[in-house]
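kindly return the folded structure for what I paste below:
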Amino acid sequence: MLRKVFGSAVFGVEATTITVEVNVDSGIGYHLVGLPDNAIKESNYRIAAALQNNGYKIPGKKITINMAPADLRKEGSAYDLTLAIGILAASNQIIAETIDEYLIMGELSLDGSLQPIRGVLPIAIKAKEEGFKGFILPTQNAKEAAIVEGLTVYGVDNIEQVIHFFDKNEPLEETIIDTKLEFEKNLNFPEFDFSDVKGQESIKRCMEIAAAGGHNIILIGPPGAGKTMLAKRLPSILPPMTLNEALETTKIHSVAGRIKSHVGIMAQRPFRSPHHTISNVALVGGGSYPQPGEISLSHNGVLFLDELPEFKREVLEVMRQPLEDREVTISRAKFTVTYPSSFMLVASMNPSPSGYFNDPDAPVTSSPAEMQRYLSKVSGPLLDRIDIHIEVTPVPFEKLSDERKGESSVDIRKRVTLARSLQTERFKESLAVHYNAQMNTKQIRKYCVLDEASKGLLKTAMERLNLSARAYDRILKVSRTIADLEGVEAINGSHISEAIQYRSLDREGWLG
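This is a model prediction of the structure:
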């Protein structure tokens, strides 16, 4: 007897419905076709034990299972439940008249209990699009799937519940989530706050500008100056995620299997801080079966690269294209996968191998040649893609011992959110651009119009600092953000001059 059951495969951040055709006929053998990977091929052992321990069995007949479309590679253990229910239905061990109305996914343990799976959110979105009556999956993933409105989601703990649902019409408990309420409930404020930072007012100003315009920023300073502390507090001043951004971010983390069971939707902007030994595949994504890398896991959030020159040069170079295009495309012989990667890059570095820059009182100093060699580990084209370069100096004792609290993240976030709202209005007709850092050349010319005095100031800076055309555009973008923070439409000389100050690594004589 032939029965069809439906599962789903995830490629990139999109799902494709898989039709599992199970045919039980006279003879002996178990044949699984349709490009399954080893995890799926091993499923018959898990299925046999799970069924045996729940009073059922794999029939001693010829079982042929096809996973269509047959030319599409399937991977992972999430099809265990799909295959098991299909075998039971095709061998008439259960009556399952409505089996084709549901999408069924889950990994089986030997006792029949279910383990969580990856990529639930894109699968649920696809199930709704294709009109399935419901989605049956492990309880641990139910909240994540239930944020898709208009889809009935059943979270189950073991295969016996699914069998009784189809065979004996025993109802399953539906998981219901109010997506907007769940999203707003999880908008808790991050634990790090700018009020903890003593001094560093100019750096806080830089971080505010970076957050307001979505600009990439690099912090240069000696050990203990507060670079990492400042970077960790940047997400606390970014505007709250919109519901669409939260769904996008949750989808990527779902594919990577990083959603916790008690969380339905991610409401906090991600902050990723990979170690400098990371490989280029781990950073941008990839592998035999491509998975999102750190830059995609940072989508709509912050990617923090501490001690930038310590990263392998080839690892940093692969970021150049995603920084420009805000997406990363991974190509293989038979398919191509695109992951979104619209993130804020925050990098930090010491100005020299010893960590101290032209400090006569420092315990260790470096020669100009050593400093040049150290800085050359980071390429010019990569630095060109970073809008703001700022030097971080150590905080003097008087400010460290000051008991007064600094300005809180809540207050800074209000200004940043207001500036972002101006940008949202400005770019409302553009689908790809939402804030200043994303502007293309045409938009820069339209929204960053300069008066004659500002043009003269920028021309002098370009000639003296020997800036590239890309650096010119960066200065205009940052100037636009500074003007937005002030709530003014026209960019003036003070905005340009402040933006020029934030190009430390372009200045002649920076190496002493």
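
tell me how far residue 396 lies from residue 139.
Plainly put, residue 396 is 55 Å away from residue 139 if you go by CB to CB, to the nearest Å. Quick note: C-beta positions are derived from backbone N, CA and C, even for glycine.

and residue 290, by the same measure?
For residue 290 relative to residue 139 (CB to CB), the value is 29 Å.

over to residue 405?
For residue 405, the distance to residue 139 - CB to CB - is 44 Å.

what pLDDT is listed against the spatially most central residue of the chain?
Closest to where the C-alpha atoms of the chain average out (CA atoms, centre = their mean) is residue 297, at 2.4 Å. In this model, residue 297 is scored at 95, pLDDT.

next up, phi/psi of it, please.
phi -70, psi -20 (degrees, to the nearest 10).

for residue 205, same thing?
Backbone torsions for residue 205, taken as degrees, to the nearest 10, come to phi -60, psi -40.

that one: neighbour count?
16 (other CB atoms under 10 Å).

distance of it relative to residue 237?
12 Å.

circling back: nearest residue to the residue nearest to the centre of the chain other than its sequence neighbours?
residue 272 (5.4 Å; CB to CB, 6 or more residues apart in numbering).

check the burial of the one you found by counting its neighbours.
Applying other CB under 10 Å, we find 18 residues neighbouring residue 272.

got a list of what it touches?
Listed by CB atoms under 8 Å, 6 or more residues apart in numbering, the contact partners of residue 272 are 294, 297-298, 301-304.

wait, which of these is closest to residue 211?
residue 302 (9.3 Å; CB to CB).

pretty sure residue 192 contacts residue 236?
Yes. Contact criterion CB atoms under 8 Å: residue 192 and residue 236 qualify, at 5.6 Å.

now do the shared contacts for those two.
residue 409.

what is the subsequent helix or strand relative to the helix or strand of the chain with the lowest mean pLDDT?
In the chain, the helix or strand scored least confidently by mean pLDDT, DSSP states H and E is helix 397-400, which has a mean of 66. Next helix or strand after helix 397-400 toward the C-terminus (DSSP states H and E): helix 409-426.

so residue 337 is in contact with residue 290, correct?
Yes. Using CB under 8 Å, residue 337 is in contact with residue 290, at 4.7 Å.

mutual contacts of those two, please.
Common neighbours of residue 337 and residue 290 (CB under 8 Å, 6+ apart) are 12, 330.

what about residue 396 and residue 139, which has more around it?
residue 139 (19 against 11).

show me what the longest strand seen in the chain is packed against.
Ranked by residue count under DSSP state E, the longest strand found in the chain is strand 14-25. Contacts defined by 3 or more CB pairs under 8 Å, 6 or more residues apart in numbering; DSSP states H and E place strand 14-25 against strand 2-11, strand 62-68, helix 80-90, helix 120-129.

what do you get if the cut-off is 10 Å, keeping everything else the same?
On a contact count with 3 or more CB pairs under 10 Å, 6 or more residues apart in numbering; DSSP states H and E, strand 14-25 meets strand 2-11, strand 29-33, strand 62-68, helix 80-90, strand 102-104, helix 120-129, helix 243-255.

contacts only, for residue 194.
200, 204, 207-208, 229-230, 233-234, 236-237, 405-413 (CB atoms under 10 Å, 6 or more residues apart in numbering).

apply 8 Å and report the result again.
So residue 194 contacts 204, 207, 233, 236-237, 406-409, 412 (CB under 8 Å, 6+ apart).

and the nearest residue in space to it that is not next to it in sequence, how far from residue 486?
Spatial nearest neighbour of residue 194, excluding adjacent residues (CB to CB, 6+ apart): residue 409 at 4.7 Å. The gap separating residue 409 from residue 486 is 20 Å, by CB to CB.

the two: who's more crowded?
Neighbours per residue, other CB under 10 Å: of residue 409 and residue 486, the larger number sits with residue 409, 24 against 13.

not counting sequence-adjacent ones, nearest residue to residue 278?
In space, residue 278 is closest to residue 315, 6.4 Å off (CB to CB, 6+ apart).

doesn't residue 275 make contact with that neighbour?
No. Look at residue 315 against residue 275 with CB under 8 Å: they stay out of range, at 11.1 Å.

more crowded one of these two?
Per other CB under 10 Å, whichever of residue 315 and residue 275 has more neighbours is residue 315, with 19 against 11.

secondary structure element holding the more buried one?
helix 313-317.

average pLDDT across that helix?
90.

now do stretch 219-239
Mean predicted lDDT for stretch 219-239 stands at 89.

quick one: terminal-to-terminal distance for that stretch?
Stretch 219-239 has its terminal residues 21 Å apart, counting by CA to CA, to the nearest Å.

distance check, the residue nearest to the centre of the chain against residue 147.
For residue 297 relative to residue 147 (CB to CB), the value is 19 Å.

ok, residue 204 next?
35 Å.

looking at these two, which one has more neighbours?
residue 147 (25 against 18).

residues in contact with the closest residue to residue 282 other than its chain neighbours?
Closest residue to residue 282 apart from its sequence neighbours, by CB to CB, 6+ apart: residue 293 at 5.8 Å. Taking CB under 8 Å, 6+ apart as the criterion, residue 293 is in contact with 281-286, 328, 339.

same check on residue 347?
Residue 347 touches 216-219, 304-306, 308, 386, counting by CB under 8 Å, 6+ apart.

please repeat the previous calculation with a cut-off of 6 Å.
Contact analysis of residue 347 by CB atoms under 6 Å, 6 or more residues apart in numbering lists 218, 305, 308.

check residue 53 too.
Taking CB under 6 Å, 6+ apart, one finds 111-112 in contact with residue 53.

and it, what pLDDT?
pLDDT at residue 53 comes out at 95.

for stretch 116-135, buried residues please.
116-128, 132, 134-135 (16 or more other CB atoms under 10 Å).

can you tell me how far the spatially closest residue to residue 304 that is not a sequence neighbour is from residue 127?
Leaving aside its chain neighbours, residue 304 sits nearest to residue 273 (4.4 Å; criterion: CB to CB, 6+ apart). Distance check for residue 273 against residue 127: by CB to CB, it reads 35 Å.
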